[in-house]
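Novice: no sequence on hand, only this structure:
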DNA sequence: GCCGTTTTCGGCCCGACTGTTTTCAGTCG
């Protein structure tokens, strides 16, 4: 098993800590921290980049770290990285995983008490704190000691658990907190910011900004920390506070006056990488940015305030940057020359293909809950022009070839009738399993009764990379295959992506005019945003599907659009923004 | 150690909050 991005990020972060503690040049330290941040956020494996000799394409990883990584992949036992890690005891890195304990505190504890066993160090430190043996140490006091106990308890409880939640979970949670805060009469305006506003696939914490008069800020902070779901209060000042909810999630609140709200929106939306690049960009123009406004570097008293984000960006000579692409890649450079892409919008979507009706095709996996008619009627309210019904293929074990063909024929005629009755364009599709050997799970003779197929992997997820690649390429080579469904098979926080040669698969799909799906099911969001971005760069066409197994779930399209926007997709990159006439051409119907 | 539409050398984001301190270091986002 090779090193995952998480492992590599941990190595970089640990080396940054070791450098900090041993007094290595501060900017070398920062370089490793930056590299750790980058790797942590990547959706493709660093290992794959290395295999393809493309380590140098990763921003933030330059020639030196590339070389160290190369060496480490080849011979981890004797690599430079391993040697640097040994500069300080590994127990330091273990302790640092607990919130509130950084490199300095960890190192002091480890050296003073000679703690060298990483498997027991957390328990040992907790015991020392409980026995009141830490409060006497220099720069530690009783409060820090209590804080350590609390922090290590949180760490132990969290250990091995998910530290991120899905978008809908985060939405629901932020909605509740917003409802609560809005009851405070001093709250003039409120927004959820951070990764939730940027629509990242998984959310680590909830960030909320409130507009209020300065004199009311204290009242609001007090009100916030009395939220009924509060477990602990992480911090509390005159204008910001942090709580941990009973569910174990962190919520940050900032209170600001209306005249400065634009800069706070910008600051609190992030991402961290975007903010750093934006501040670097501003510095070159002689400005210093913070959450309260823009200062002249030469005249610190000359501060401009901004009520809106648009004005904030405009002051710097930039186009307003959509939150979904504020990830610190090229967005600032392009905003400076007014060349940001016109990202796809929800209202651009004119139909979809990945919906499962209740038509009983005796499928291999879950049947949908609603009839063709019910799904069509929702599609009409969504202003769609067409729907493709893609139930799972009939189970192979329970049916002969003839029976499968009969079921598909039956569905075909049923769909024709329904389309006529509802005056709505419908396609007879199926979501067909790609078997482990790459063959499709329906007989070849059945294909002629279909308008098109989505092909997907629903079993044997852990095949070796080259076998998996062959499997998918074979699956895609059947006639009438128009969509590769949820390509990576990931389930957020549950199942890893399959291992495959995506360059080869993307190239083949492009050649065959097959669309790669962005599956909008909130647990999937698959293709992942950054892979979708790569696909678009390669010239692939994408398609948005909800995988709805009930009509109301077609409303999840919203999440797919968010992924597409994070992938910098324009309307022209997404197949199902086309009219039904163009779609018919694409399908060859 | 990284990076480049004022630079291949000389810069490198910014501030809040906390605890242990009488002015600041550590941690976090």
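Specialist: Received the coordinates, thanks. Every value quoted in this text rests on a predicted model; they were computed, and no experiment measured them. Residues are numbered from 1 along each chain as shown, chains lettered A, B, ... in the order given.
Novice: and the residue of the stretch 151-300 of chain A that's closest to DNA strand B?
Specialist: residue A:237 (2.0 Å; C-beta to the nearest atom of the strand). All C-beta atoms are positioned from the backbone trio N, CA, C, and that covers glycine.
Novice: any idea what residue A:289 is bridged to?
Specialist: Beta bridges link residue A:289 to residue A:294, judged by DSSP bridges.
Novice: pull the contacting residues for it.
Specialist: Contact analysis of residue A:289 by C-beta atoms under 8 Å, 6 or more residues apart in numbering lists A:263, A:267, A:275, A:278, A:279, A:282, A:295.
Novice: related to what we said a few turns ago, now the phi/psi pair for the residue of the stretch 151-300 of chain A closest to DNA strand B, please.
Specialist: The phi/psi pair for residue A:237 (degrees, to the nearest 10) reads phi -130, psi -170.
Novice: what residues does the residue lying closest to it once chain neighbours are set aside make contact with?
Specialist: Nearest residue to residue A:237 in three dimensions, chain neighbours excluded: residue A:221, at 7.6 Å (C-beta to C-beta, 6 or more residues apart in numbering). Residues in contact with residue A:221 (C-beta under 8 Å, 6+ apart) are A:236, A:237, A:238, A:239, A:240, A:241, A:253, A:255.
Novice: doesn't the last one fall inside a helix?
Specialist: No: with the criterion set as DSSP: H, G, I helix; E, B strand; the rest coil, the secondary structure at residue A:255 is strand rather than a helix.
Novice: leaving out sequence neighbours, find the closest residue to it.
Specialist: residue A:217 (4.3 Å).
Novice: pretty sure that neighbour is in a strand, no?
Specialist: No: using three-state DSSP, the assignment for residue A:217 is helix, not a strand.
Novice: residues near it, how many?
Specialist: Per other C-beta atoms under 10 Å, the neighbour tally for residue A:217 reads 20.
Novice: isn't it right up against residue A:254?
Specialist: No: taking C-beta atoms under 8 Å as the definition, residue A:217 is not a contact partner of residue A:254, at 9.6 Å.
Novice: which one of the residues in the stretch 401-550 of chain A is closest to DNA strand B?
Specialist: Of all residues in the stretch 401-550 of chain A, the one sitting closest to DNA strand B is residue A:530 (16.4 Å; C-beta to the nearest atom of the strand).
Novice: interface residues of the stretch 1-150 of chain A facing DNA strand B?
Specialist: Selection of the stretch 1-150 of chain A residues close to DNA strand B by C-beta under 7 Å from any atom of the strand yields A:25, A:27-28, A:30-32, A:34-35, A:59-66, A:68, A:99-106, A:135, A:138-145, A:147.
Novice: type out the PyMOL command that picks the buried ones from those.
Specialist: Selection of buried members from those for PyMOL, criterion 16 or more other C-beta atoms under 10 Å:
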select buried, chain A and resi 31+32+34+35+60+61+65+66+68+99+101+103+105+106+140+144+145+147
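Novice: need the longest helix for chain A.
Specialist: helix A:401-422 (DSSP state H).
Novice: residues in contact with it: which ones?
Specialist: Contacts with helix A:401-422, where a contact means C-beta under 8 Å, 6+ apart, come from A:359, A:361-362, A:372-373, A:376-377, A:389, A:391, A:393-394, A:396, A:399, A:424-428, A:430, A:442-443, A:445-446, A:449-450.
Novice: equivalent analysis for stretch A:357-370, please.
Specialist: Stretch A:357-370 is contacted by residues A:355-356, A:371-372, A:375, A:389, A:391-396, A:398-399, A:407-408, A:411, A:414, A:430, A:433, A:441, A:458, A:548-551 when judged by C-beta under 8 Å, 6+ apart.
Novice: strands of the stretch 351-500 of chain A, residue ranges please.
Specialist: All strands of the stretch 351-500 of chain A, identified by DSSP state E, counting those that start in this stretch, fall at A:351-355, A:386-392, A:425-433, A:453-456, A:481-484.
Novice: same question, the stretch 1-150 of chain A
Specialist: Applying DSSP E, counting those that start in this stretch to the stretch 1-150 of chain A gives no strands.
Novice: shaky segments in it?
Specialist: A:1 (pLDDT under 70).
Novice: and for residue A:24, nearest residue in space, chain neighbours not counted?
Specialist: Nearest one to residue A:24, counting by C-beta to C-beta, 6+ apart, is residue A:18 at 8.0 Å.
Novice: which residues does that neighbour contact?
Specialist: A:24, A:84, A:85, A:87, A:88, A:92.
Novice: how much space between it and residue A:135?
Specialist: Per C-beta to C-beta, to the nearest Å, residue A:18 is found 27 Å from residue A:135.
Novice: equivalent analysis for residue A:404, please.
Specialist: On the measure of C-beta to C-beta, residue A:404 and residue A:135 end up 73 Å apart.
Novice: list the buried ones in the least confident helix or strand in chain A by mean pLDDT?
Specialist: Within chain A, confidence by mean pLDDT, DSSP states H and E is lowest for helix A:142-158 among all helices and strands, at a mean of 87. Counting neighbours by 16+ other C-beta under 10 Å, one finds that the buried residues in helix A:142-158 are A:144, A:145, A:147, A:148, A:149, A:150, A:151, A:152, A:154, A:155.
Novice: how about stretch A:262-272?
Specialist: Neighbour counts over stretch A:262-272 (16+ other C-beta under 10 Å) mark A:262, A:263, A:264, A:265, A:266, A:267, A:268, A:269, A:270, A:271 as buried.
Novice: what's the answer for stretch A:491-510, then?
Specialist: A:491-492, A:497-502, A:505-506, A:508-510.
Novice: same thing with stretch A:466-481?
Specialist: For stretch A:466-481, by 16+ other C-beta under 10 Å, it's A:468, A:469, A:470, A:471, A:472, A:473, A:474, A:475, A:476, A:478, A:480, A:481.
Novice: just the residues contacting that stretch, thanks.
Specialist: Residues outside stretch A:466-481 that contact it (C-beta under 8 Å, 6+ apart): A:434-440, A:444, A:447, A:450-455, A:457, A:463, A:484, A:498-501, A:504-505, A:508-509, A:512, A:514.
Novice: care to break chain A down by domain?
Specialist: According to the TED database, chain A comprises the domains A:5-158, A:165-256, A:277-337, A:346-587.
Novice: pretty sure residue A:347 contacts residue A:383?
Specialist: Yes: counting by C-beta under 8 Å, residue A:347 touches residue A:383, with 7.4 Å between them.
Novice: which ones are touching residue A:587?
Specialist: With contact taken as C-beta under 8 Å, 6+ apart, residue A:587 is in contact with A:427, A:451, A:452, A:482.
Novice: what separates residue A:41 from residue A:33, distance-wise?
Specialist: Noted for residue A:41: a distance of 13 Å to residue A:33, by C-beta to C-beta.
Novice: residue ranges of the helices in the stretch 251-400 of chain A, please?
Specialist: In the stretch 251-400 of chain A, the segments counted as helices under DSSP state H, counting those that start in this stretch are A:261-269, A:272-284, A:309-315, A:331-336, A:372-381.
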